[in-house]
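*Asks:* Okay, sequence plus prediction incoming.
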Amino acid sequence: MELFLQQVVGGIATGGIYACMALAVVMIYQAIHHLNFAQGEMATFSTFIAWTLLAYGLPYLAVFPLAIAISFVGGFAVERIVFKPIEHAPVLTHIVVFIALYSIFNSAMGFIWDFSIKTVPSPFPPGRFLGSNLISNHQAGMIAITLVVLVLLFLFFAYTRIGLAMRAAAANPDSARLVGIRTSFMTALGWGMASAIGAVAGILIAPLVFLEPNMMLTILLYGFAGAVLGGLTSPPGAVLGGFIVGIVENLAGTYIPVIGGELKLTIALALIVGVLVFKPAGLLGRRIVQRV
Amino acid sequence: MATTDDASLAKRASLPASVDVAEPRTPLLSMGNVGLALTLAALLALPFFTEGFFVFQMTKVLTYAVAIMGLNLLTGFNGQFSLGHGAFFAIGAYTTAILVEMGGFGFLATLPFAALICFGFGFLFGFPALRLEGIYLALATFALAVATPQILKLSPLEGLTGGVQGIYLFSETFGEPPVPSWAPVQSIFGVDEFDAGTYWVYLVTVAVVVLTYWILTNLVGSRTGRAMMAIRDNPIAARSMGVNAAFYKTVAFGVSAAVVGVAGGIGAASTKFVAPDSFTFFVSVSFLVGLVVGGVGWLPGALIGGAFIVFVPNYAEEVSKGLSGAFFGIFLILMIYLAPNGVGGLIRAAADRIRRRSD
């Protein structure tokens, strides 16, 4: 029983990483109804920017908001430059452009910062959280920040005019345009926000896993798994899903002998396929009904 | 073309300019057929004029072409996406490697097994894929592609797959694929025993390309192919006309995986080595890129796509070392903007113009 509890708490700690990433995935899904396969690379790029700013000697408290702001502008610009022209193109076109972006960011990072691993400092004091031996201060801090981001998002979407406009633009673009909402601008805004949340995720994850250009590919897969599990239409669901994925991963690694450390990505694969087949709406998501 | 008969003209007139209309009575000397014959002649003549390394590279191009044709059946003709066909490529490659090294098979004899096993896996993966559409299918197959190297490293399978180290092929013949005694590769091309293997694999690959193209064009032109395209164009209408969507979608997945598996088998024989880390997400990505560059829904485009993924990264590397991936990506985006139907679309547009002028 004690082992079980330990593994659950450990799972929640790693689940924080996935929750963060899942939140960014859901954010972009809300805005464009697509999954951005380049999201992990964009987040890593933001993290490299933060790393560079830190290397210039700027204090962490200045770097964190600065990197997020740069990422927001970057995400906004990517949508305006790359995706605006293909707004109404078929799904395959979008997937190919996501893959192209993936390739561009990955290669640019290798070119600018090379492929050697780098360490990113944590803003939290070193050591274990409240003296427990399961979860470090950084992991606890990361979970707290994820929850803060979630609350901020909720407040933004529920209580601000622009949040309402973004929801309207995503739910029914035609009607939204008729009441005067600039839907295409809202899409770009969604990209910016997703990119900013990705930056938060990247900067918080980097101290735990080492920074290098391929840091995010597998984490993005877990983020997808968390987002799908919680429901692609629901930000709280994404966070919940992320934590569950962390716990499932840890428990499966402990109790199913073959899996151990070597099959963890297969768990994400099984979760994604399983949830999409049996409960496509996820735990907290809305069921999408198609009109014929 | 003056020789085009009335039936196919009428057909062309009544159908919108869509992809690959199956024409029942195409004249033998149509522009398309002449183009294909010339391409085949060039491929067969190539080893006489070039060196071993270029032959090896062309084998790679053709291997990718086979895989792209397989993916094209699924995406271009059945409308299902896959970012995970690298997994089937890996299964095919390992099937060939294991049969050659442990079963003592000749490389040629392993290809049907690669096809069969991949058909099985593809057919099985087709079942969950049935319930996933568009972006969700892309996501599920993306997960498959990312997880593949880890599955290949799985310790209970290590006796078979060689774990992280992978498998070196043809260890009994000093790392070169043995040429069967009935194939006089050495005397025809005037190469030594050491190079003969490379040429042999090349010839087999050309044969596989021809065979795959022949099978897939016939499949696409058949009743099955029309059902697949109907599902792609309007699943609901197809279903209400009595097309068994579940059956055709899983079969499309299976056949597509089988073709990619054969490509994997050839790939293993030409690189003479398989290891988990050669089957990363990028393999699946390059298939998709090749498909888009060649033209979705146009089978001959696979050759162009294959050449693109083998040669363009090399040239990009020469322009700027380290930034080749970025050039690759930028090229792809420009391609989407300027030629959304791929190089194949440009070629067909040009051919149409010539045809109209000659009428």
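*Replies:* Nice, thanks for sending it over.
*Asks:* what about stretch B:128-147, near chain A?
*Replies:* Yes - judged by C-beta under 8 Å from any C-beta of the partner chain, stretch B:128-147 and chain A are in contact via B:128, B:131-132, B:134-136, B:138-140, B:142-144, B:146-147. The C-beta positions use only the backbone N, C-alpha and C, and glycine is treated the same way.
*Asks:* Select only the buried ones of those in PyMOL?
*Replies:* Here is the PyMOL command that picks out the buried ones among the residues of stretch B:128-147 next to chain A, judged by 16 or more other C-beta atoms under 10 Å in any protein chain shown:
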select buried, chain B and resi 128+132+134+135+136+138+139+140+142+143+144+146+147
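*Asks:* Among the residues of stretch B:128-147 next to chain A, which lie within helices?
*Replies:* The helices, defined by DSSP state H, take in B:128, B:135-136, B:138-140, B:142-144, B:146-147 from the residues of stretch B:128-147 next to chain A.
*Asks:* any chance of the residues of stretch B:128-147 next to chain A in CSV, with pLDDT too?
*Replies:* Formatted as CSV, the residues of stretch B:128-147 next to chain A follow (pLDDT from 0 to 100):
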residue, pLDDT
B:Pro128, 83
B:Arg131, 78
B:Leu132, 79
B:Gly134, 76
B:Ile135, 80
B:Tyr136, 84
B:Ala138, 86
B:Leu139, 87
B:Ala140, 88
B:Phe142, 89
B:Ala143, 89
B:Leu144, 90
B:Val146, 88
B:Ala147, 88
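*Asks:* Dump the residues of stretch B:128-147 next to chain A to TSV, plus distance to B:Thr250.
*Replies:* Converted to TSV, those look like this (distance: C-beta to C-beta, whole Å):
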residue	distance to B:Thr250
B:Pro128	10
B:Arg131	11
B:Leu132	13
B:Gly134	18
B:Ile135	20
B:Tyr136	17
B:Ala138	18
B:Leu139	19
B:Ala140	14
B:Phe142	20
B:Ala143	19
B:Leu144	16
B:Val146	23
B:Ala147	21
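*Asks:* ok, now which ones touch A:Val245?
*Replies:* A:15, A:18, A:22, A:222, A:225-226, A:229, A:268, A:271 (C-beta atoms under 8 Å, 6 or more residues apart in numbering or on different chains).
*Asks:* Okay, strands next: where are they in the stretch 101-250 of chain A?
*Replies:* Remark: no strands are assigned in the stretch 101-250 of chain A by DSSP state E, counting those that start in this stretch.
*Asks:* Just the closest residue of it to chain B, please.
*Replies:* A:Ser107 (2.7 Å; C-beta to the nearest C-beta).
*Asks:* Is it correct that that residue is in contact with B:Ala316?
*Replies:* No - under the criterion of C-beta atoms under 8 Å, A:Ser107 makes no contact with B:Ala316, lying 9.2 Å away.
*Asks:* neighbour-wise, which of these two wins?
*Replies:* A:Ser107 (23 against 20; other C-beta atoms under 10 Å in any protein chain shown).
*Asks:* Grab the nearest non-local neighbour of the residue of the stretch 101-250 of chain A closest to chain B.
*Replies:* Take A:Ser107 and drop its neighbours on the chain: the residue closest to it by C-beta to C-beta, 6 or more residues apart in numbering or on different chains is B:Gly325, 2.7 Å away.
*Asks:* can you check B:Pro235 too?
*Replies:* Using C-beta to C-beta, 6+ apart and skipping the chain neighbours, the partner closest in space to B:Pro235 is B:Ala245 (6.1 Å).
*Asks:* okay, the ones in helices among the residues of stretch B:128-147 next to chain A in a markdown table with distance to B:Gly163 next?
*Replies:* A markdown table is the format used below for these (distance: C-beta to C-beta, whole Å):
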| residue | distance to B:Gly163 |
| --- | --- |
| B:Pro128 | 28 |
| B:Ile135 | 35 |
| B:Tyr136 | 33 |
| B:Ala138 | 30 |
| B:Leu139 | 29 |
| B:Ala140 | 27 |
| B:Phe142 | 25 |
| B:Ala143 | 22 |
| B:Leu144 | 20 |
| B:Val146 | 19 |
| B:Ala147 | 16 |
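*Asks:* okay, now residue 56: neighbour count?
*Replies:* No chain was given, so I picked chain A. 7.
*Asks:* wait, I meant chain B there
*Replies:* 16.
*Asks:* Please narrow the contacts of A:Val245 to those residing in helices.
*Replies:* Using DSSP H, A:15, A:18, A:22, A:222, A:225-226, A:229, A:268, A:271 are the members of the contacts of A:Val245 that sit in helices.
*Asks:* Below-threshold pLDDT in chain A: ranges please.
*Replies:* Applying pLDDT under 70 to chain A flags the ranges A:131-133, A:258-263, A:288-292.
*Asks:* For it, just list every one of the helices.
*Replies:* A:2-32, A:39-55, A:60-78, A:91-113, A:137-159, A:161-171, A:173-178, A:183-209, A:216-230, A:235-255, A:264-278.
*Asks:* Report the distance from stretch B:285-305 to the chain centre.
*Replies:* Counting by C-alpha atoms, centre = their mean, to the nearest Å, stretch B:285-305 is centred 8 Å from the centre of its parent chain.
*Asks:* repeat for stretch B:47-54
*Replies:* That offset, for stretch B:47-54, works out to 23 Å (C-alpha atoms, centre = their mean).
*Asks:* CA atoms only for it, dumped as CSV, please.
*Replies:* The C-alpha trace of stretch B:47-54 is given here as CSV (Å, rounded to 0.1, in the frame of the first residue of the first chain):
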residue,chain,number,x,y,z
PRO,B,47,23.3,1.0,-63.5
PHE,B,48,25.2,0.9,-66.8
PHE,B,49,26.2,4.5,-66.6
THR,B,50,26.8,5.2,-62.9
GLU,B,51,28.8,4.0,-60.0
GLY,B,52,27.9,1.8,-57.0
PHE,B,53,27.2,4.7,-54.7
PHE,B,54,24.7,6.3,-57.0
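*Asks:* contact partners of it?
*Replies:* Outside stretch B:47-54, the residues that touch it by C-beta under 8 Å, 6+ apart are B:46, B:55, B:58, B:189, B:191, B:195, B:198-199, B:202-203.
*Asks:* Keep only those of those that are in helices.
*Replies:* The helices, defined by DSSP H, take in B:46, B:55, B:58, B:189, B:195, B:198-199, B:202-203 from these.
*Asks:* Using just helix, strand and coil, how would you label the closest residue to chain A within chain B?
*Replies:* Per C-beta to the nearest C-beta, B:Gly325 is where chain B lies closest to chain A, at 2.7 Å. Judged by DSSP: H, G, I helix; E, B strand; the rest coil, the three-state class of B:Gly325 is helix.
*Asks:* Hmm, it is touching A:Asn106, no?
*Replies:* Yes - proximity of B:Gly325 to A:Asn106 meets the contact threshold set by C-beta under 8 Å, at 5.7 Å.
*Asks:* I'd like to know how many residues surround B:Ile347.
*Replies:* Neighbour tally, B:Ile347, other C-beta under 10 Å: 18.
*Asks:* What parts of the stretch 251-359 of chain B come near chain A?
*Replies:* B:281, B:285, B:288-289, B:292, B:296, B:320, B:322-326, B:328-330, B:332-333, B:336-337, B:340.
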